[in-house]
Every structure is written in structure tokens, then in C-alpha cells.
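Engineer: Quick one, structure for this:
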Amino acid sequence: MNHVEHASARLIERYVRGDSAFVADEVWALEAHLEGCRGCRDLLSAAVAVGAPAVTVLTDAVWSGLEHQLAAAAPAPVRRRRARLSAWTTPVMVPWLAMVLVVTLLALLLDLVGPGRVSLMLLFAPVLPVCGVAASWSRGLDPAYELTASTPRAGLQLVLRRTASVLAVVIPALLAGGWATGVTAAQWLLPCLAFTSMTLALGGVIGVTRAAVGLVAAWAVAVVAPTLATSRTAFALQPYGLPVWGLILALGIGVVVARRGAYTVLGAHR
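Structural biologist: Numbers count the residues shown, from 1 in each chain. Presented below is the predicted three-dimensional model:
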């Protein structure tokens, strides 16, 4: 549904009644459309007056008590730039992204100062974006989490925007580090994107933050610890393992697309 195709009266009536057959995608599309369509909001008001008169009485009572106060209050300054920025990032992401960049820099310095058989850049690159993705949608880190997660646009679109903002910071840093250490981009970029897609795919089931923590822990146990202990490059980091990462990336994207409606549910962003 967009601003050209208006909501039907029947659809709005179902919304007012709280029809249990209303799927999350339909609710998200209708609420997003109502944000910018005055005509459909008028239909919604009329439907509420007919289908839920108690709500109309309550809102009229609240409005009558607030009308004079709102008229006397000074209008708040318009902050369009901040509103646009909040669609892509949150304040709590900044220290986490800074931490990711610091880890990248330390791995680069260790590779340059004491090069070993395994590149630390290559070892940590796949999971670095996952930390930023987890921070971008975390109940414990974002003080405005409940407010943001309950808005009509708090579905997959917002999750993808914030994920893109994380990748926009992390990937250039990894490109620079890979160039300095001689690690080819394909060796870390494909695992990096695969881990990110799997975080989002699992996030639709158990929550993005939980998925990120689980994947990072699994990577640390299955790959990082054995690699550091034996100083031998694991199969997951070998060039011939890239087709497997490509398959994981495709699988993750497929799951995200197939379950895109799950991201409109508040619990999906835990």
C-alpha cells in the first residue's frame, strides 16, 4: 500500500475492530500509509466514531483538557535532520561502532608488527559487523527502544537501514586493513556479509541481539579458539571455503525475505 492506493473502508473497519485475522504486514502497511494520508485518517476517525464510540468519548475528553494548554505552548523546533538520522542509526550505536573500529585497528597493528600464520584481521572480520547490528536494536542499550519498536516503520525496513549504517562504517575499515595486510577482500567480505545475513535471519525468530550473541559465541568456540591454539587457518577461513559462505549468505537473505513480516513484531528485536 502506498500514498496513491488508498485504504478501503472495509480495511479500515477491520483495523478499528482489531480483527485477529489482520497479519502483521497488513497492519504495518496500513499504519505507514495513514502517516501521510489525511483522507484515510479522516476515514479512520469516522470508523472509530461508529465502531468504537467509547474511544471517541475518551479522546474528546482528553482533548478538551489539553486543548488550551497546547494552544498556549510554544511550538517545538522542527528537527528534520535528526529525524532522518534516527531512521538509520541510534546514539547507542556510536560507542559500539567505535569499539569495532578499535578492534579492527588493533588486529591490523598486531598483523603488521608480529605477522603470524593466521591473520587476526581475517579471523575477526566476519563477526565485527554483528556487534554493531546487535547494538543497533537492543532493548538494554537503547533508551527509546520501546517507542521506536512500536512505530509503524519499525519492521524490516528499519532493521535493514541500521544494518546498512553499520556495514557502511565497518567495511571501509576492513578494506583498508585488508589492503595493508595483503588479505584479499573476498576472504573476509563474504563471511562478513554471511554472518550479518544469518544474524538478521535468526533475529526474526529469537531476536536480533540474541542471534548476534549466539553467532559470535559459536564463532569464538568453533573457529577463533582452535585457530589461535594451533596457529593453523581453519577451513572456514580458507579460500576454498568461500562457496560455503556464499551458500550461507544466500540462505540468510532467503530467510529474511521469506520472514519479513516477523520484524514488525516487537519481540523480534530483543
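Engineer: For T59, give me its contacts.
Structural biologist: For T59, the contact set (C-beta atoms under 8 Å, 6 or more residues apart in numbering) is empty. For every residue, glycine as well, the C-beta is placed using N, CA and C.
Engineer: pLDDT value on the spatially most central residue of the chain, please?
Structural biologist: For the chain, the residue nearest the mean C-alpha position is V159 (2.3 Å; C-alpha atoms, centre = their mean). We have a pLDDT of 75 for V159.
Engineer: any idea how far L249 is from it?
Structural biologist: 17 Å (C-beta to C-beta, to the nearest Å).
Engineer: leaving aside the residues next to it on the chain, what's closest to T196?
Structural biologist: P129 (5.2 Å; C-beta to C-beta, 6 or more residues apart in numbering).
Engineer: Neighbours of that neighbour, how many?
Structural biologist: 24 (other C-beta atoms under 10 Å).
Engineer: so which strand or helix has it?
Structural biologist: P129 belongs to helix 128-136 when assigned by DSSP states H and E.
Engineer: helices and strands around that helix, which ones?
Structural biologist: helix 93-113, helix 156-181, helix 185-206, helix 208-219 (3 or more C-beta pairs under 8 Å, 6 or more residues apart in numbering; DSSP states H and E).
Engineer: and the longest one, which residues are buried?
Structural biologist: Spelled out, it's helix 156-181. 156, 158-159, 162-163, 165-167, 169-171, 173-174, 177-178, 181 (16 or more other C-beta atoms under 10 Å).
Engineer: can you check the last one too?
Structural biologist: Across helix 208-219, burial judged by 16+ other C-beta under 10 Å covers 208-216, 219.
Engineer: and it, what other elements does it pack with?
Structural biologist: Using 3+ C-beta pairs under 8 Å, 6+ apart, helix 208-219 is in contact with helix 128-136, helix 185-206.
Engineer: re the thing from before, can you dump the C-alpha coordinates of the helix holding P129 into CSV?
Structural biologist: Extracted C-alpha coordinates of helix 128-136, given in CSV (Å, rounded to 0.1, in the frame of the first residue of the first chain):
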residue,chain,number,x,y,z
LEU,A,128,32.8,-7.4,13.7
PRO,A,129,29.6,-6.1,12.0
VAL,A,130,27.4,-8.4,14.1
CYS,A,131,28.3,-6.4,17.2
GLY,A,132,27.1,-3.2,15.7
VAL,A,133,24.0,-4.8,14.3
ALA,A,134,23.2,-6.1,17.8
ALA,A,135,23.7,-2.7,19.4
SER,A,136,21.6,-1.0,16.8
